[in-house]
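>>> Sequence and predicted structure, then a few things I'm wondering about:
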Amino acid sequence: MSNNDLSSLAGARVLVVGASAGIGRAFSVGAVKAGARVVLAARRAEQLESLREEAGGGEAVAADLTREEDCARLVEAVRDRLGGLDLIVSCIGAAPMRLIADTGDDDWRRLFETNVLSVGRLLRGCLPLLEHDAMVVALSSESVGQPRPGIGAYSTSKAALERMIESWRIEHPRMRFTTVTVGASFPTDFGVDFEAAILDRMLRDWISRGLAQEEMMDPQDVADVLLGVVASALGRPGVCLEHLTLRSPTAVVDASGRPLLPSRKES
C-alpha cells in the first residue's frame, strides 16, 4: 500500500484502545507511520512501550478501562496530548471459553464490563473531544452472526456491543460509528486463556458444523485492510461506513481438515 493511500491519516488525532497486541497493535503501528498523532492505550505498560518503539512514535497510556478512574485518566491524557479526536479504534476483547451452562455470574460480569461497558464508558468520556464528523470503529466478531459452542457468552457481549454502537450512531448524527466483524485470525491474544481440553473439543465441534475455515487471516493483513478502509472513509466525511466484515476467503473444512469445496485452483 502506498503512503498516498493513507494520506488522510497524516495529522489525524487517533486513539487506539486494546493497542498492545494483535490487530490493535498492527493498526497502531500503521497509523503512526502514516503520520497520525496516536494515543496508544492498553493495560500492559511494557507492551505499550515496545509498541511505541516499533511504531517510532505515539503516546503510550497504560489503562484498564474496566476501572472508571483509569478511563477518566485516559480521557484526560487524550485531551492534554491531542486536544481532540478524529478517530477512535476499539480493539478491546475478553473471551473465556465456557459452555453456556458453565458460564458463571463472574464470567458474565467480566465479559460485559470489558467488551461493552468499558467501550461505552470511554465514548461518554471522549464525546466532548470528538469532532462533529469523527469516526468510531469497534471490532466485533463473526460469532455474533455464526454462534458456536464454547464462546456463547462472548458472542452475546459482542452482539450487545454492536447494538450499543448502533445506538450511538442514531443519537449522534454526523459522527460516524462503525462495527467491524472480524473472522478467525492467528496469531492473536484471543483465546490465550482457553484450556486445551475444551478448546480441542470445541474446535472439533465447530468443524462438524462447518464453522472452521481452511486458513485463518493474518492480523497484520487485517490491520492493513482496516487501516486503508478507515483512511479512505476518514477523508470523506459525507460517507458513514456503518459495518464492515473481514473474513478469510478460504473454504470451510471437514473433520480431517480437507476443504468441503474445491478451491478455484483445484476445480
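Perfect, I can see it now. Everything numeric in this text was worked out from a predicted model, so none of it was measured. Residues are numbered from 1 along each chain as shown.
>>> CA atoms for contacts and neighbours, from now on please.
Noted.
>>> which stretches of the stretch 51-200 of the chain form helices?
Ranges of helices within the stretch 51-200 of the chain are 68-82, 105-112, 118-126, 152-171, 196-208, based on DSSP state H, counting those that start in this stretch.
>>> by contact count, what packs against the last one?
Using 3 or more C-alpha pairs under 8 Å, 6 or more residues apart in numbering; DSSP states H and E as the contact criterion, no secondary-structure element is in contact with helix 196-208.
>>> Now do the buried residues in the helix or strand following it.
For helix 196-208, the following helix or strand on the C-terminal side (DSSP states H and E) is helix 219-234. By neighbour count on 16 or more other C-alpha atoms under 10 Å, the buried set for helix 219-234 is 219-220, 222-224, 226-228, 230-234.
>>> next one: stretch 149-166
Buried residues in stretch 149-166, counted by 16+ other C-alpha under 10 Å: 149-162, 164-166.
>>> Next one, pLDDT for residue 266 please.
In this model, residue 266 is scored at 44, pLDDT.
>>> quick one, the top strand by length along the chain and helix 219-234 angle?
For the chain, the longest strand by residue count, based on DSSP state E, is strand 130-141. For strand 130-141 against helix 219-234, the angle by axes from the mean of the first three to the mean of the last three C-alpha atoms, to 10 degrees is 150 degrees.
>>> Look up how far residue 67 lies from residue 225.
Using C-alpha to C-alpha, to the nearest Å, we find residue 225 at a distance of 32 Å from residue 67.
>>> Equivalent analysis for residue 250, please.
To residue 67, residue 250 is 40 Å away according to C-alpha to C-alpha.
>>> Looking at these two, which one has more neighbours?
For residue 250 and residue 67, the more surrounded residue by other C-alpha atoms under 10 Å is residue 250, and the numbers stand at 16 against 13.
>>> Which secondary structure element is home to the more buried one?
Using DSSP H and E, residue 250 maps to neither a helix nor a strand.
>>> what about it, distance to residue 215?
6 Å.
>>> Residue 57 too?
33 Å.
>>> before we move on, what about residue 44?
30 Å.
>>> ditto for residue 50
Relative to residue 215, residue 50 is positioned 29 Å away (C-alpha to C-alpha).
>>> before we move on, what about residue 87?
For residue 87, the distance to residue 215 - C-alpha to C-alpha - is 31 Å.
>>> So for these two, which sits in the more crowded spot?
Each of residue 87 and residue 215 has its neighbours counted (other C-alpha under 10 Å); residue 87 has more, 25 against 16.
>>> For the stretch 1-150 of the chain, give me the ranges with low pLDDT.
Applying pLDDT under 70 to the stretch 1-150 of the chain picks out residues 1-4.
>>> For residue 242, find the nearest of the helices of the stretch 51-200 of the chain.
Between residue 242 and the helices of the stretch 51-200 of the chain, the shortest separation by C-alpha to C-alpha is 8.4 Å, and it involves helix 152-171.
>>> tell me the mean pLDDT for that closest one?
97.
>>> Only alpha carbons, please: show that helix as CSV.
Presented in CSV, the C-alpha positions along helix 152-171 are these (Å, rounded to 0.1, in the frame of the first residue of the first chain):
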residue,chain,number,x,y,z
GLY,A,152,-21.7,-18.1,23.6
ALA,A,153,-21.3,-15.6,26.3
TYR,A,154,-18.5,-13.8,24.4
SER,A,155,-20.8,-13.7,21.3
THR,A,156,-23.6,-12.3,23.4
SER,A,157,-21.4,-9.5,24.7
LYS,A,158,-20.3,-8.6,21.2
ALA,A,159,-23.9,-8.6,20.0
ALA,A,160,-24.6,-6.1,22.8
LEU,A,161,-21.6,-4.0,21.7
GLU,A,162,-22.9,-3.9,18.1
ARG,A,163,-26.4,-2.7,19.3
MET,A,164,-24.7,-0.1,21.6
ILE,A,165,-22.6,1.3,18.7
GLU,A,166,-25.8,1.4,16.6
SER,A,167,-27.5,3.5,19.3
TRP,A,168,-24.6,5.9,19.4
ARG,A,169,-24.9,6.3,15.6
ILE,A,170,-28.6,7.0,15.8
GLU,A,171,-28.3,9.5,18.7
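>>> All set, thanks.
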